[in-house]
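Novice: Predicted model and sequence below, questions to follow.
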Amino acid sequence: MASRRPPARRRRGRRPARRDDATWLAYSLLAIAAVSTAAAVLRWLAANWWIPTGLALAAGCGAAVVLRNRALAAREHRLRAAQLRLALSGPGGIDHMTPDGFEYAVRDLLQRDGCRARKVGRANDQSVDVLAEDPAGRRWAVQCKHKQDPVGGKPVGVGVLYALAGTYQRAHNAHLAAVVTNGRFSRDAHRWGAEQGLLLVDRTALARWAAGGQPLWNVLPHVPAPRGGQQN
């Protein structure tokens, strides 16, 4: 006698998802509460309009004071920069600065000249310590070499120029490259720098620039002029 198969179970109908209903109800209540809160806030603002108006006026006055103070500080900084004069020797002179302080001094002198200048010297600075843009639109990449024994010590060698020449255009998009030192340059550095169009600011040029008040491009000979301009 053949075995009988068990009767197949009937599939129950899918019940409505109660969770979906509960979620929809919760969202609806939240929306109603948000609308009620917004309406209450608007009614309060309508009844007390002078409070937000006063706060807005106070904020505006505060912003105006901050902007005025910033403008006065910027003007004072420009006046101080225009009067900046630095000596090479003596107390507080360039020879007694730290290498980091020398970089800041070069930045300040460029700002005195009307440049937008910033110090960028740090680890992995790609041979540039100060970047500046002069009033003519030329972008300067400056390497600073401070010497503790500027007169009798070792001169700045051509290797410093090699490094700067390889990075000032590619890494910094600069038009001009300059090396500034309170010491002197080697004979090879002078020769190779002239061939490559690098600007060398030695002790003599630095003294004229720092103490005389003339912009650097007037102190150095043969500074390339901006496009359409006359060469110095």
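Specialist: Cool, the structure landed.

Novice: How about the contacts made by residue 178?
Specialist: Residues in contact with residue 178 (C-beta atoms under 8 Å, 6 or more residues apart in numbering) are 140, 141, 142, 143, 198, 199, 200, 201, 216, 220. In this view, the C-beta of every residue, glycine as well, is placed from N, C-alpha and C.

Novice: how about 6 Å then?
Specialist: 142, 199 (C-beta atoms under 6 Å, 6 or more residues apart in numbering).

Novice: now residue 127
Specialist: By C-beta under 6 Å, 6+ apart, the contact list for residue 127 reads 143, 163, 164, 167.

Novice: Next, count neighbours for the second one.
Specialist: So that's residue 163. Residues near residue 163, counting by other C-beta atoms under 10 Å, number 15.

Novice: Please parse the protein into its domains.
Specialist: For the chain, automatic domain parsing gives the domain ranges 25-81, 94-219.

Novice: and among these, the most buried is which?
Specialist: domain 94-219 (a mean of 18; mean count of other C-beta atoms under 10 Å).

Novice: Now do the same for residue 188: helix, strand or coil?
Specialist: The three-state label given to residue 188 by DSSP: H, G, I helix; E, B strand; the rest coil is helix.

Novice: wait, isn't it in contact with residue 158?
Specialist: Yes - counting by C-beta atoms under 6 Å, residue 188 does reach residue 158; the two are 4.4 Å apart.

Novice: quick one: contacts of stretch 88-100?
Specialist: Applying C-beta under 6 Å, 6+ apart, the contact partners of stretch 88-100 are 86, 87, 146, 150, 182, 207.

Novice: where exactly do the strands run in this protein?
Specialist: 116-119, 130-133, 139-145, 176-181, 199-201 (DSSP state E).

Novice: could I get the ones you listed as CSV with mean pLDDT and distance to residue 154?
Specialist: Putting the strands of the chain into CSV (pLDDT from 0 to 100; distance: least, C-beta to C-beta, whole Å) gives the following:
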stretch, mean pLDDT, distance to residue 154
strand 116-119, 96, 25
strand 130-133, 97, 23
strand 139-145, 97, 10
strand 176-181, 98, 11
strand 199-201, 98, 16
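
Novice: For my notes, please list these in TSV and give distance to residue 29 for each entry.
Specialist: Below are the strands of the chain laid out as TSV (distance: least, C-beta to C-beta, whole Å):
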stretch	distance to residue 29
strand 116-119	56
strand 130-133	59
strand 139-145	62
strand 176-181	69
strand 199-201	74
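
Novice: Which of those strands sits closest to residue 54?
Specialist: Nearest of the strands of the chain to residue 54, taken as C-beta to C-beta: strand 116-119 at 40.2 Å.

Novice: Show me what the closest one packs onto, helices and strands only.
Specialist: helix 99-112, strand 130-133 (3 or more C-beta pairs under 6 Å, 6 or more residues apart in numbering; DSSP states H and E).

Novice: I'd like to know which of these is closest to residue 122.
Specialist: That would be helix 99-112 among those, by C-beta to C-beta, at 9.6 Å.

Novice: Which of the contacts of residue 127 fall in helices?
Specialist: 163, 164 (DSSP state H).

Novice: Greatest separation within the contacts of residue 127: which pair is it?
Specialist: Greatest spatial distance among the contacts of residue 127 (C-beta to C-beta): 143 and 167, at 9.5 Å.
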